[in-house]
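Trainee: could you look at this predicted model? Sequence included:
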Amino acid sequence: MDEKMTKIARAETYKKNPLRSKIKSHAASLSAKLQEHQTNIFSPNARKGIRAFTPSEAAKLLGVAEGYLRTAAVELERKAAEGGEQEFSPALAGGRRMYSVQDISAMRVHLDKPARANGRYVPHRREGEGLQILSIMNFKGGSGKTTTSAHLAQYLALRGYRVLAIDLDPQASLSALFGNQPEFDVGPNETIYGAIRYDEERRPIQEIIRGTYIPDLHIIPGNLELMEFEHDTPKALMQRKPDDVLFFARLQAAIQDIRDDYDVVVIDCPPQLGFLTLSALTAATSVLITIHPQMLDVMSMNQFLSMTSALLDEIAEAGAEDRNSWMRYLITRFEPTDGPQNQMVAFLRSMFGEDVLVNPMLKSTAISDAGITNQTLFEVERSQFTRSTYDRALESMNNVNAEIETLIKATWGRS
């Protein structure tokens, strides 16, 4: 009887508020299904990890020849067994060593010990080199922004840099890629909102940083809580006290508290031009705008650039500082055989010249299929795809990331 009455009550509510009821119902159903999907992929006690790397992959990440890596691995294995070095124990598969991220990190420290190495293998910032804060953004969703952010953060960490990834998008796709489900694993005040909010519940940024399964790569996850900053800011502007930090400087101020702990900060911005995105623009020392080379996307980017320009003028008058070293456009989801896309890329290059990265990020089933299980190309097993499909996607991604790494090093004055 009670169940019948409940159904009648729900039906009456639906009649009165059909849209609200439908959205609430769909949200609950989708949330349950996504949790079921997540449980099927990873058991409740499972921890997200990253695959082992082949000798050729490890050698490329370390920047050495494969033969030299084999020699150094034998030496480091011997020293580790004697207790003179940190743990190093590559697994054997098919008669060859397979290197974990921990093995690669240990090898990097080992190779960097001789004085002649001079930081070649552990490329941390040196005295006088500023923290690089890279904001990745676009006004339009689906431009490859989060995919770019995740792979860039992992690539730089695997190359030996100390990296902090900040998920500034309330949809929190970057967090999910790093194994932090926004609905279940990220609680109140555990996003960057906790460090930039306006009330007494604000907490130090150090308390919300989380480790990941890659050494020297940390993350501040996101969830819908980030929208609170968009809602709070207008009220804070109206009730502002003389000593309050304005909204556009709050993220920058929070990051400054941990500036000595990292070399690069990668910020995945929301696909809208709100207070969060303006905060990321103010904090950034460099900006990467992802663009899918189709007319509708380029038209949307035109609106984004116009609005951004006007808003930056406004906050500059309020005291915002321009700290930007470079801005680049990254062509994403590019299909080389698509004639109209090639025309659009040529159009963008003719207009913006060197501000468009030389290397595009190719569209690939390897990237999209890996995303189904919340994995990146560095995490997914190569055997899941045909060799050419996977290698082509990874080469494209690595070329893009290497070009960005070169820009970062150039900002530091390194060759």
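Mentor: Yep, that arrived.

Trainee: shouldn't I315 be within a strand?
Mentor: No. Counting by DSSP: H, G, I helix; E, B strand; the rest coil, I315 is not part of a strand but helix.

Trainee: quick check: which element contains the closest residue to it other than its chain neighbours?
Mentor: Leaving aside its chain neighbours, I315 sits nearest to F248 (4.8 Å; criterion: C-beta to C-beta, 6 or more residues apart in numbering). Glycine gets a C-beta too; all of them are placed from N, C-alpha and C. Element membership for F248 (DSSP states H and E) is helix 247-256.

Trainee: what's next to that helix, contact-wise?
Mentor: Outside helix 247-256, the residues that touch it by C-beta atoms under 8 Å, 6 or more residues apart in numbering are 131, 133, 192, 195-196, 205, 229, 233, 236-237, 245, 265, 275, 278-283, 315, 318-320.

Trainee: run the last query once more with 6 Å
Mentor: 195-196, 205, 233, 245, 275, 278-279, 282-283, 315, 320 (C-beta atoms under 6 Å, 6 or more residues apart in numbering).

Trainee: can you map out the strands along the chain?
Mentor: Taking DSSP state E as the test, the strands found in the chain are 91-93, 96-98, 132-137, 163-167, 210-211, 217-220, 264-268, 286-291, 326-331.

Trainee: contacts for the first one, please.
Mentor: Yep, that's strand 91-93 we're talking about. Applying C-beta under 6 Å, 6+ apart, the contact partners of strand 91-93 are M98.

Trainee: neighbouring strands - and their directions - for it?
Mentor: strand 96-98 (antiparallel) (DSSP bridges).

Trainee: in the strand it pairs with, what's buried?
Mentor: By neighbour count on 16 or more other C-beta atoms under 10 Å, the buried set for strand 96-98 is 97-98.

Trainee: so how far is it from its chain's centroid?
Mentor: 29 Å (C-alpha atoms, centre = their mean, to the nearest Å).

Trainee: equivalent analysis for stretch 206-214, please.
Mentor: That offset, for stretch 206-214, works out to 13 Å (C-alpha atoms, centre = their mean).

Trainee: I205 and A195 touch, don't they?
Mentor: Yes. Counting by C-beta atoms under 6 Å, I205 touches A195, with 4.1 Å between them.

Trainee: between these two, which one's more packed in?
Mentor: A195 (24 against 21; other C-beta atoms under 10 Å).

Trainee: what segments of the stretch 251-400 of the chain are helices?
Mentor: 275-283, 295-317, 339-352, 365-372, 387-412 (DSSP state H, counting those that start in this stretch).

Trainee: would you mind finding the most buried of those?
Mentor: helix 275-283 (a mean of 24; mean count of other C-beta atoms under 10 Å).

Trainee: what angle separates that helix from strand 264-268?
Mentor: Helix 275-283 runs at 150 degrees relative to strand 264-268, counting by axes from the mean of the first three to the mean of the last three C-alpha atoms, to 10 degrees.

Trainee: residues making contact with helix 275-283?
Mentor: So helix 275-283 is contacted by 133, 135, 168, 229-230, 233, 247-248, 251-252, 255, 267, 269-270, 320 (C-beta under 6 Å, 6+ apart).

Trainee: what about the closest residue to G144 other than its chain neighbours, how many neighbours?
Mentor: Spatial nearest neighbour of G144, excluding adjacent residues (C-beta to C-beta, 6+ apart): T332 at 3.3 Å. For T332, the number of neighbouring residues by other C-beta under 10 Å comes to 22.

Trainee: tell me who's in contact with T332.
Mentor: The contact partners of T332, taken as C-beta under 6 Å, 6+ apart, are 143-144, 290, 292, 361.

Trainee: so what pLDDT did it get?
Mentor: As predicted, T332 sits at a pLDDT of 94.

Trainee: and if you look at G83?
Mentor: G83 is given a pLDDT of 74.

Trainee: residues near it, how many?
Mentor: G83: 8 surrounding residues under other C-beta under 10 Å.

Trainee: re earlier: nearest to G222, of the contacts of helix 275-283?
Mentor: L168 (6.4 Å; C-beta to C-beta).

Trainee: least confident pick among the contacts of helix 275-283?
Mentor: Among those, pLDDT bottoms out at A320, giving 80.

Trainee: Q239 - how many residues pack around it?
Mentor: For Q239, using other C-beta under 10 Å, the count is 9.

Trainee: as JSON lines, the helices of the stretch 251-400 of the chain with mean pLDDT and distance to L61 would be great.
Mentor: JSON lines is the format used below for the helices of the stretch 251-400 of the chain (pLDDT from 0 to 100; distance: least, C-beta to C-beta, whole Å):
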{"stretch": "helix 275-283", "mean pLDDT": "93", "distance to L61": "28"}
{"stretch": "helix 295-317", "mean pLDDT": "84", "distance to L61": "33"}
{"stretch": "helix 339-352", "mean pLDDT": "92", "distance to L61": "29"}
{"stretch": "helix 365-372", "mean pLDDT": "86", "distance to L61": "19"}
{"stretch": "helix 387-412", "mean pLDDT": "94", "distance to L61": "10"}
